[in-house]
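Asks: sequence and predicted structure, then a few things I'm wondering about:
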Amino acid sequence: MNRVATVLTVAFLGLLPRFSIADGLEVRAGAFFPRADSGAREEWLYDLFQDHSDLYTVGRSDWVGGVFGIEFTRRLAPHLELGLHVDGYSRTNDTSYRDDRAVLQTLRLSMVPLGISLKLLASDRRASIQPYIAVGGDLVIWKYEAWGEFYLDADSYDFDWGEFESTGVAPGLHVAAGVRVPISYDFSLTAEGRYQWAESDMGDDFLYNRIDLSGASATVGFHMRF
């Protein structure tokens with residue numbers, strides 16, 4: 001996956017020179033709220049987050065973490081923008097088995113969505129408040145890690161140290177709504193709410209498992225016009 005992620009990231013960054021006609025740059029930060037325990041679907045034997053929530057002392061709220069993003073924008077029409085963005089999220093949880101608090105593990109999820117958005121702005125650049133809505137697609141580069149002490153089998157309480165890792169790239173979709181508040185001709189404060197849909201199977205790394213990468217984010221930041 002690391003090779004795939006590198007190729008995708010280089011390809012994405014390679015688009016930026018062609019996007020040199022961008023007339024805006026947005027930097028944002030906030031929180032991501034994964035849909036971490038949505039439950040298994042019939043076509044999947046296990047949902048990873050649901051499985052781990054049953055086993056370990058970790059729940060949905062424990063996966064809430066910080067997110068940071070950067071987006072280049074280009075005005076296509078008076079009320080329409082195109083954006084290219086890259087975001088990052090990572091969260092680490094120290095846990096234990098629910099039936100044995102002395103057996104400890106660490107779980108980590110990291111995501112880097114690379115995406116494109118179309119934004120429809122409700123007002124022009126001279127307005128004092130500029131609300132917008134957006135829709136787009138993503139390639140979500142993800143990595144899930146678990147290390148620590150794990151039971152050797154389901155019939156005994158014997159445990160040993162182990163390290164597990166699964167990586168992948170998942171297609172996704174997102175919708176967003178936000179607002180810009182100009183503080184000068186070239187700078188605006190921004191606030192945005194976004195929902196991302198993405199999921200992936202985990203192959204042989206976590207056999208028969210799926211990982212749900214969907215969730216909501218809330219960010220604030222600033223937008224700069226070139």
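Replies: Looks like it came in fine.

Asks: ok, which stretches of this structure are strands?
Replies: Listed in chain order, the strands of the chain (DSSP state E) span 24-34, 46-47, 65-77, 80-97, 100-121, 130-151, 159-182, 187-201, 209-212, 215-225.

Asks: just checking, residue 199 touches residue 214?
Replies: Yes - here residue 199 reaches residue 214: they are 6.6 Å apart, a contact under C-beta atoms under 8 Å. Using the backbone N, CA and C atoms, a C-beta is placed for each residue, glycine as well.

Asks: okay, the strands of the chain, which one's buried deepest?
Replies: strand 209-212 (a mean of 22; mean count of other C-beta atoms under 10 Å).

Asks: just checking, what packs against that one?
Replies: strand 46-47, helix 48-55, strand 187-201 (3 or more C-beta pairs under 8 Å, 6 or more residues apart in numbering; DSSP states H and E).

Asks: mind running it again at 10 Å?
Replies: Counting contacts by 3 or more C-beta pairs under 10 Å, 6 or more residues apart in numbering; DSSP states H and E, strand 209-212 is packed against strand 46-47, helix 48-55, strand 130-151, strand 159-182, strand 187-201.

Asks: closest to residue 59 out of the strands of the chain?
Replies: The closest of those to residue 59 is strand 80-97. By C-beta to C-beta, the value is 9.6 Å.

Asks: what average pLDDT does that closest one get?
Replies: Taken as a whole, strand 80-97 carries a mean pLDDT of 94.

Asks: state the distance from the nearest residue to residue 181 once chain neighbours are set aside to residue 58.
Replies: Leaving out its chain neighbours, the residue that sits closest to residue 181 by C-beta to C-beta, 6 or more residues apart in numbering is residue 189, at 4.7 Å. To residue 58, residue 189 is 35 Å away according to C-beta to C-beta, to the nearest Å.

Asks: what of residue 149?
Replies: From residue 149 over to residue 58 (counting by C-beta to C-beta), the distance is 15 Å.

Asks: what do you get for residue 181?
Replies: Following C-beta to C-beta, the distance that separates residue 181 from residue 58 is 38 Å.
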